[in-house]
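K.L.:
Here is the input, now give the coordinates:
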Amino acid sequence: MPTPRRFMQLDVFASRLFDGNPLAVVIDADGLDTTAMQRIAQWTNLSETTFLLPPTSSAADYRVRIFTPRQELPFAGHPSVGSAWVAIEAGLVAAGKTALVQECAAGLLPVQVAGSGAQRLIRVQAPPARIDAADAALHAALARALRIGLAPGEACHVDNGPHWILGNLGEAAAVRGLQPDLAAVAALCLQQRAVGVGVFGREHAGGAAMAVRAFCPADGIPEDPVTGSANAAIMAWLGERGDRDGYGLRYRASQGREVGRDGIVEVARDLASGAITIGGACAIGVRGDLQLP
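P.N.:
Predicted structure coming up:
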C-alpha cells in the first residue's frame, strides 16, 4: 500500500499564483532517507523541494532539508520562506507564534512572522556570509560569460550556505537586458564550485529599488525565478562595501520578470549585528497527499 504524506506546492515571494518561485514541500517527511528525498526532488523537477521533519534541537520549531533536482543544499532562501509558510499552514507550529526557529544543515535560523493568512509575511535570517573579492581572472571570465562590460571591483564571491558569484551591473536596464552565455556560466560555476551567478542593478520604477537575476545552469536551472540566498548575498556584499551604493538597510528587490515569474523580495540588514533577512509572501496552489511506495 502506498504511504500518503501531506504535500503542498506554493509560489514563494509572491502574493498570487504563477508569480514568484515555485516550491514543493513534503510535510510528513520523517522516515524518508536521503536517496528517497533526492528522487522526489528529481520527480517534482522544481528548482527546490523541501522536506519538513521533527527538529533535533530543542531550540527549533521544525527541521527542513532542501534539495535541488541534483543535490542537497545547506540553505536556500525561497525554500526557507516557503517551508516556514507551510509549517504554519500544516499546524506544525503554534498558531499565532511570531518568532520561529528553523533547523537546517546551515544551523538554527530565526524566522519572523507578521500577519496571518494571505496577508502573512515571512522573514528568514540568512546564515553569516563569507565575502571574497574576485581576482582579475574571475572578473574577466565573469564578464565574458555575461557578455557585458563589468567595471573594476564589481564582482565577488559570497558564501552564505550556497556559494554565489556576484556582479554589480549598476542599472536595472543592464540586468534586464542581459543575455548571458549559459554554457560559459555553467563552466565558470563548476570551476569555482559555485551554485550560480547573481547580478543586480538599481531599479527606478515599480516600487522596487533593485533588479536581480540569478543563473544556475550547472545545477540544471538556466535562470532561477526568485532567489532568496542570492538576494541575501547581495545585501551582505553591499554592507561590506560600506553601503556606498546607497541602497540602505532595507529595500525591495524585483526578480523573475524575465522568466514570467515576477517576484518581490524584502531584504533587510541589522546595522548593529549585520544579520540579514529575506522575506516575502506565498501563494499555495496545491494541497494534498504524496502517494509514496
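K.L.:
what's the distance between Gly207 and Asp30?
P.N.:
Distance from Gly207 to Asp30, counting by Cβ to Cβ, to the nearest Å: 41 Å. (Glycine included, C-beta is placed from N, CA and C.)
K.L.:
More neighbours: those two, which one.
P.N.:
Asp30 (11 against 8; other Cβ atoms under 10 Å).
K.L.:
Look up the closest residue to that one, ignoring the ones flanking it.
P.N.:
Leu53 (5.6 Å; Cβ to Cβ, 6 or more residues apart in numbering).
K.L.:
which residues touch the one you found?
P.N.:
Taking Cβ atoms under 8 Å, 6 or more residues apart in numbering as the criterion, Leu53 is in contact with 29-30, 62-65.
K.L.:
Just the buried residues of these.
P.N.:
29, 62-65 (16 or more other Cβ atoms under 10 Å).
K.L.:
of all the residues you listed, which comes closest to Ser116?
P.N.:
Tyr62 (18.2 Å; Cβ to Cβ).
K.L.:
can I assume the closest one is in contact with Ala90?
P.N.:
No. Tyr62 is beyond contact range of Ala90, at 9.4 Å (criterion: Cβ atoms under 8 Å).
K.L.:
list residues touching both of those two?
P.N.:
In contact with both Tyr62 and Ala90: Leu52, using Cβ under 8 Å, 6+ apart.
K.L.:
and stretch 95-103, average pLDDT?
P.N.:
The average pLDDT within stretch 95-103 is 95.
K.L.:
Touching it from outside, list them.
P.N.:
55-57, 59-64, 80, 83-84, 87-88, 93, 108-114, 116, 124.
K.L.:
Tell me which of those fall in strands.
P.N.:
When DSSP state E is applied, these are split such that 62-64, 108-114, 124 fall in strands.
K.L.:
Report the distance from stretch 189-198 to the chain centre.
P.N.:
15 Å (Cα atoms, centre = their mean, to the nearest Å).
K.L.:
Mind listing what's buried along it?
P.N.:
Quick answer for stretch 189-198 (16+ other Cβ under 10 Å): 189, 192, 194-198.
K.L.:
Could you give the number of residues near Val124?
P.N.:
Val124: 29 neighbours (other Cβ under 10 Å).
K.L.:
Revised request: answer the last question for Asp132.
P.N.:
Using other Cβ under 10 Å, Asp132 has 11 neighbouring residues.
K.L.:
what's it in contact with, if anything?
P.N.:
Contact analysis of Asp132 by Cβ under 8 Å, 6+ apart lists 156-158.
K.L.:
repeat that with 7 Å
P.N.:
156-157 (Cβ atoms under 7 Å, 6 or more residues apart in numbering).
K.L.:
mind giving me the domain split of the protein?
P.N.:
3-127+280-292, 130-276 (automatic domain parsing).
K.L.:
Does Leu32 lie in a helix or a strand, and which?
P.N.:
Here Leu32, judged by DSSP states H and E, is contained in no helix and no strand.
K.L.:
Identify the residues contacting the residue lying closest to it once chain neighbours are set aside.
P.N.:
Leaving aside its sequence neighbours, Leu32 sits nearest to Phe51 (Cβ to Cβ, 6+ apart; 6.4 Å). Contacts for Phe51 (Cβ under 7 Å, 6+ apart) come out as 26, 29, 32, 37, 64-65.
K.L.:
Mind jotting down where the helices sit in this structure?
P.N.:
All helices of the chain, identified by DSSP state H, fall at 34-44, 77-89, 136-146, 172-176, 182-192, 228-240.
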